[in-house]
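Chemist: Turn this into a model:
(one chain, ligands or ions: 1)
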Amino acid sequence: MIGLPAACPHSFLLLVLCVVLFVALAGHPASASVWYVCPDSDDSGPGTAGQPWATIAQANARVQPGDVVFLQPGDYRETIRPHVNGRSDEARITYRCLSSARIAGVGVGFDLTDRAFITISGLTVEHVGNFGMMNGATDCVIEDCRFTGARGYPGIQMGVGERAASRNVIRRCRIADVRGDGIQLRFLADHNLIEDNEIRFCDHGCIVLRGHGPGSDRNPSHNVVRRNRLSSRWHTTMNLDVNAEHNLIEWNAISGADASGPGLQLSACHNIVRRNIIAGNYSMSYESHGALAVWAGWESRQEEICPAIGNRIYHNVIALNRHAGLSAIYWDCPECELRDNHYVNNIIYDNSRYRDNHSFYRKRDEVGNVQLQLTNTQHMQDERYDHNLIYSAAPFPPGAADPVVLWDGRLMTLAEAESHPSGFLRDNISTDPKFADPLWDDFSLRADSPCIDAGRHLTTTTASGSGNCIRVADSSYFCDGFGIVDGDEIMVAGAGTARLTDIPDSHTLLLDHELTWPAGAGVSLVYKGEAPDMGVFEFEASAACPRG
Ligand SMILES: [Ca+2]
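Modeler: Below is the predicted model of the structure:
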């Protein structure tokens, strides 16, 4: 399977042109060098396009800040491991690979442990121990790479060790066939951006953010995970657990969890989970997890405490999962709290359709059409399920009232659940959301959807005022971008839109320009029409088909 054609000589001209353009556009320091590596060449040469080095090791040893290393097509049985750091964004060390440059058969494909300002672009890594190590790495970029076949655990890791892994980016990569987690952010991983990746076939989670526990300063925080397409197929699809804190999880497609895990396991604190589509997960039974499983309990034989506190879970679609849609479960763990989680403007649709009757699961006629499952609610405080659509498209038996909630083992209709003395549920609806084409993953709303303008504002202003500092009832629905992405663009009803630059406390938003607002004004992400819609996609009437 190894043995690509010796294509290096034929690509010289193209490469030289590309490099001239690249160097001109990138504004490299005058001293920066461009080096070439090609298998079957000679490390004693000058490392030029015409006389490339033979090994990555030679490049690793020779690079200086600002340099670019081109890996020409061929197979490499070596690790990318530069001996020095880049200096800044303008003086990075870049390994740029042509599409058929491949690293295979080594312990680790790239090792950026304690490195800074390194970029790896276009690399293929196959059949290794780990794809890459980024513990202690800062300001490194991994982009447009393809990683398959990791037999170590995990695929790519950051945050383990004594130095923080910060401000790294992993984008537009394909990752598959991993023993363990595809990308793992543990302990000291903060302010990293994981976006636009496609990850599948992982035998634990595709992306895992996992900390040390409450009160520890070793919990992954302020990371942004967005626009990834995740499909585990072998276990849980995504995990935020053991107290991962203050992370933003948005616009991900989360599917393909198998019978041993949920789509998204959330046993963590103060995270924002929004605009994700969690669909097509097998998930587990009513004794354990729904497709989105929020829970407090122990991990690892009672060694790790997992609370679930203060998460803001809104504008998600949880649909067509085999078992329950959303579950909140308090396991038997006196040290673990489950409180103050808000679930707002979500659509929980048509889960539990075709679960099996394996003895591990309860039979369909015992549990109905569960979309929402709450277990051990006596240990929960201040939970809010507010303005969600919770609906089963196929009541069983046909024509039955929709027993869509399983509350401490007891089936309830939505109306019964809303009258529970806990007051956890309010203003939710149970009706067909009228998605455009849900079986083919189109969860946008049709013009006659009851979800249009049926969501609520995420928070409200607490007093009238003007300026760029606005006081609100609860700022924790919003994100200022953590300095790594744009802050939220918000809409203040009756006042206009602005972008968030900072969120100094739980009641304050700082804006990029001044507004004037009344007291009690709704504050939301930017929306169309009269109010926010439920679900992921805000409906926008087209000129050709005005909403009637
Ligand atoms: Ca709207």
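Chemist: Looking at the stretch 351-500 of the chain, which residue is nearest the ion?
Modeler: Using CB to the ion, the single residue of the stretch 351-500 of the chain nearest to the ion is residue 453, 4.4 Å away. Just so you know, the C-beta spots here come from the backbone N, C-alpha and C atoms, and that holds for glycine as well.
Chemist: tally of neighbours for that residue?
Modeler: By other CB atoms under 10 Å, 17 other residues sit near residue 453.
Chemist: Could you verify my assumption that it touches residue 530?
Modeler: Yes. Assessed by CB atoms under 8 Å, residue 453 is found in contact with residue 530 at 4.6 Å.
Chemist: that older thread, the residue of the stretch 351-500 of the chain closest to the ion is in what secondary structure piece?
Modeler: Residue 453 belongs to no helix or strand when assigned by DSSP states H and E.
Chemist: Helices along the protein, start to end?
Modeler: 12-26, 56-62, 364-367, 414-418 (DSSP state H).
Chemist: wait, what's in contact with the closest residue to the ion within the stretch 401-548 of the chain?
Modeler: Across the stretch 401-548 of the chain, no residue is closer to the ion than residue 529, which sits at 3.5 Å (CB to the ion). For residue 529, the contacting residues are 452, 453, 538, 539, 541, by CB atoms under 8 Å, 6 or more residues apart in numbering.
Chemist: What residues sit buried inside stretch 127-147?
Modeler: Buried positions in stretch 127-147, judged by neighbour count with 16 or more other CB atoms under 10 Å: 127-128, 130-147.
Chemist: which bits of this structure sit near the ion?
Modeler: Along the chain, the residues adjacent to the ion under the rule CB under 5 Å from the ion are 453, 527, 528, 529, 533.
Chemist: Local confidence estimate at the nearest residue to residue 150 once chain neighbours are set aside?
Modeler: Sequence neighbours aside, residue 178 is the residue nearest to residue 150 in space, at 4.7 Å (criterion: CB to CB, 6 or more residues apart in numbering). pLDDT recorded at residue 178 is 97.
Chemist: With residue 19 instead?
Modeler: pLDDT, residue 19: 49.
Chemist: surely residue 249 meets residue 226?
Modeler: Yes. Counting by CB under 8 Å, residue 226 is a contact partner of residue 249 at 7.5 Å.
Chemist: Neighbour count: these two, which is higher?
Modeler: Neighbours per residue (other CB under 10 Å) separate residue 249 from residue 226, with residue 249 holding more: 29 against 19.
Chemist: which regions of the stretch 301-450 of the chain sit below the pLDDT cut-off?
Modeler: Scanning the stretch 301-450 of the chain for pLDDT under 70 picks out 301, 353-368, 395-401.
Chemist: in this structure, what spans have low per-residue confidence?
Modeler: 1-30, 284-288, 301, 353-368, 395-401, 543-548.
Chemist: Could you break it into its assigned domains?
Modeler: According to automatic domain parsing, the chain comprises the domains 1-175+189-195, 205-456, 459-525.
Chemist: and residue 464, what does it touch?
Modeler: Residue 464 is in contact with 517, 518, 519, counting by CB under 8 Å, 6+ apart.
Chemist: and the gap between it and residue 325?
Modeler: Counting by CB to CB, to the nearest Å, the gap from residue 464 to residue 325 is 40 Å.
Chemist: Then residue 498?
Modeler: With CB to CB as the criterion, residue 498 and residue 325 are 34 Å apart.
Chemist: now residue 189
Modeler: 29 Å.
Chemist: related to what we said a few turns ago, so between residue 498 and residue 325, which is more surrounded?
Modeler: residue 325 (32 against 22).
Chemist: Nearest residue to the middle of this structure?
Modeler: residue 225 (3.4 Å; CA atoms, centre = their mean).
Chemist: Does that one touch residue 209 like I think?
Modeler: Yes. Assessed by CB under 8 Å, residue 225 is found in contact with residue 209 at 7.5 Å.
Chemist: Quick check: neighbours shared by those two?
Modeler: Common neighbours of residue 225 and residue 209, using CB under 8 Å, 6+ apart, are residue 247.
Chemist: ok, back up a step: looking at the domains of the chain, which is buried most?
Modeler: Neighbour counts (mean count of other CB atoms under 10 Å) averaged over each of the domains of the chain peak at domain 205-456, with a mean of 21.
Chemist: ok, residue 473 - contacts?
Modeler: Residues in contact with residue 473 (CB under 8 Å, 6+ apart) are 459, 460, 462, 507.
Chemist: For the stretch 101-250 of the chain, give the residue positioned nearest to the ion.
Modeler: Among the residues of the stretch 101-250 of the chain, residue 250 lies closest to the ion, at 18.3 Å counting by CB to the ion.
Chemist: For beta bridges, what are the partners of that residue?
Modeler: Per DSSP bridges, the residues bridged to residue 250 are residue 226, residue 274.
Chemist: Would you mind measuring from residue 255 to residue 427?
Modeler: According to CB to CB, residue 255 and residue 427 sit 29 Å apart.
Chemist: In this structure residue 245 contacts residue 268, no?
Modeler: Yes. Using CB under 8 Å, residue 245 is in contact with residue 268, at 6.6 Å.
Chemist: Which residues are in contact with each of the two?
Modeler: With CB under 8 Å, 6+ apart, residue 245 and residue 268 have common neighbours residue 211.
Chemist: Could you find the closest non-adjacent residue to residue 479?
Modeler: Leaving out its chain neighbours, the residue that sits closest to residue 479 by CB to CB, 6+ apart is residue 248, at 4.9 Å.
Chemist: partner residues bridging residue 380?
Modeler: Counting by DSSP bridges, residue 380 forms beta bridges with residue 338.
Chemist: For it, which residues are in contact?
Modeler: Neighbours of residue 380 in contact, by CB under 8 Å, 6+ apart: 328, 330, 338, 339, 374, 422, 424.
Chemist: By proximity to the ion, which residue of the stretch 251-400 of the chain wins?
Modeler: For the stretch 251-400 of the chain, CB to the ion, closest residue to the ion: residue 345, 10.4 Å.
Chemist: Could you check how far residue 221 is from residue 501?
Modeler: Residue 221 sits at a distance of 19 Å from residue 501 (criterion: CB to CB).
Chemist: Any idea how far stretch 142-151 is from the middle of the chain?
Modeler: On the basis of CA atoms, centre = their mean, to the nearest Å, stretch 142-151 is displaced by 17 Å from the centre of the chain it belongs to.
Chemist: again, but for stretch 525-543
Modeler: With CA atoms, centre = their mean, you get 23 Å for stretch 525-543.
Chemist: Buried ones in it, by neighbour count?
Modeler: Neighbour counts over stretch 525-543 (16+ other CB under 10 Å) mark 525, 527, 531, 532, 533, 534, 535, 536, 537, 538, 539 as buried.
Chemist: For the nearest residue to residue 324 once chain neighbours are set aside, what are phi and psi?
Modeler: Of all residues not flanking residue 324 in the chain, residue 290 sits nearest, at 3.6 Å (CB to CB, 6+ apart). Main-chain torsions, residue 290, degrees, to the nearest 10: phi -90, psi -180.
Chemist: Verify the stated contact: residue 238 with residue 202.
Modeler: No. Using CB under 8 Å, residue 238 and residue 202 do not qualify as a contacting pair, with a distance of 9.8 Å.
Chemist: Mutual contacts of the two, please.
Modeler: Counting by CB under 8 Å, 6+ apart, nothing touches both residue 238 and residue 202.
Chemist: hmm, back to that, quick check: strands, which of the contacts of residue 473 are part of them?
Modeler: Cross-referencing the contacts of residue 473 against strands under DSSP state E gives 459, 460.
Chemist: hmm, which two among the contacts of residue 473 are most spread apart?
Modeler: Spanning the widest gap among the contacts of residue 473 are 460 and 507, at 11.2 Å by CB to CB.
Chemist: hang on, the earlier thing: pull the contacting residues for the residue nearest to the residue of the stretch 251-400 of the chain closest to the ion when sequence neighbours are not counted.
Modeler: Take residue 345 and drop its neighbours on the chain: the residue closest to it by CB to CB, 6+ apart is residue 455, 3.8 Å away. By CB under 8 Å, 6+ apart, the contact set of residue 455 is 315, 344, 345, 387, 524, 527, 531, 532, 533, 534.
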